[in-house]
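Peer 1: can't give you the sequence, but here's the structure:
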């Protein structure tokens, strides 16, 4: 099991490092581009026809890349008050089971979204779907969404196995409920 934990931490570290930084740099670039667009529009009266589409799809892509990083930190869908209440009342097994259930649900849900995204990407390529400005293809955007969801599925599955192992060891009796957990 130690090898699994090491492998899991390596996978999560690289996802956090690569996608966390890529998302941050993309968001910074889009913000700077938005500021340039504001200056161009209100001072010079010029705009890029494709500028709004580029900003919208880049910002959403940045968020899509970062959602698996929030899952690594168990900061996605935070409801810690409920778990803290259950833990304070002595429902330790329920808290441990909730963590297992949510990790499994996140993995299955995002995995199903990733699976269905494949046909959407294929269809978008087939018909040559373009953005509103008719400048960008939509399939790269769909691919980034599928990539973010797919990696969130992987992270959720790793956390599911970790949560089961933690539950079997009895860690739920001594564990302090984190400020941010994914239940």
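Peer 2: Yep, that arrived. On a predicted model such as this, the values are computed, not experimentally measured, just so you know.

Peer 1: please make it C-alpha for all contacts and neighbour counts, starting now.
Peer 2: Noted.

Peer 1: can you tell me how far residue 1 is from residue 169?
Peer 2: Look at residue 1 and residue 169: by Cα to Cα, to the nearest Å, they are 12 Å apart.

Peer 1: likewise residue 70?
Peer 2: 26 Å.

Peer 1: with neighbour numbers in mind, choose between the two.
Peer 2: Using other Cα atoms under 10 Å, the more surrounded residue of residue 70 and residue 169 is residue 70, with 16 against 10.

Peer 1: per-residue confidence at that one?
Peer 2: On pLDDT, residue 70 comes in at 88.

Peer 1: any idea whether residue 153 is helix, strand or coil?
Peer 2: Using DSSP: H, G, I helix; E, B strand; the rest coil, the secondary structure recorded for residue 153 is helix.

Peer 1: please verify my assumption that it contacts residue 106.
Peer 2: Yes: taking Cα atoms under 8 Å as the definition, residue 153 is a contact partner of residue 106 at 6.6 Å.

Peer 1: contacting residues for residue 138?
Peer 2: By Cα atoms under 8 Å, 6 or more residues apart in numbering, the contact list for residue 138 reads 124, 129-131.

Peer 1: which parts of this structure are strands?
Peer 2: Per DSSP state E, the chain has no strands. Nothing in it meets that criterion.

Peer 1: point to the helix or strand of it where mean pLDDT is at its lowest.
Peer 2: Using mean pLDDT, DSSP states H and E, helix 171-174 stands out as the lowest-scoring helix or strand of the chain, at a mean of 67.

Peer 1: okay if I get the contacts of residue 138 as CSV plus distance to residue 93 and neighbour count?
Peer 2: Putting those into CSV (distance: Cα to Cα, whole Å; neighbours: other Cα atoms under 10 Å) gives the following:
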residue, distance to residue 93, neighbour count
124, 46, 17
129, 49, 15
130, 50, 14
131, 49, 15
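
Peer 1: closest one to residue 6 out of the residues you listed, please.
Peer 2: Among these, residue 124 lies closest to residue 6 (Cα to Cα), at 38.6 Å.

Peer 1: looks like that closest one contacts residue 139 (just checking).
Peer 2: Yes: with contact defined as Cα under 8 Å, residue 124 counts as touching residue 139 (5.6 Å).

Peer 1: so for the residue most central in space within the chain, what's the pLDDT?
Peer 2: The residue lying closest to the centre of the chain (Cα atoms, centre = their mean) is residue 67, at 1.6 Å. pLDDT for residue 67: 88.

Peer 1: where does the chain dip in pLDDT?
Peer 2: Within the chain, the stretches with pLDDT under 70 are 76-81, 172-183.

Peer 1: ok, longest helix in it?
Peer 2: Determined from DSSP state H, the single longest helix within the chain is helix 2-39.
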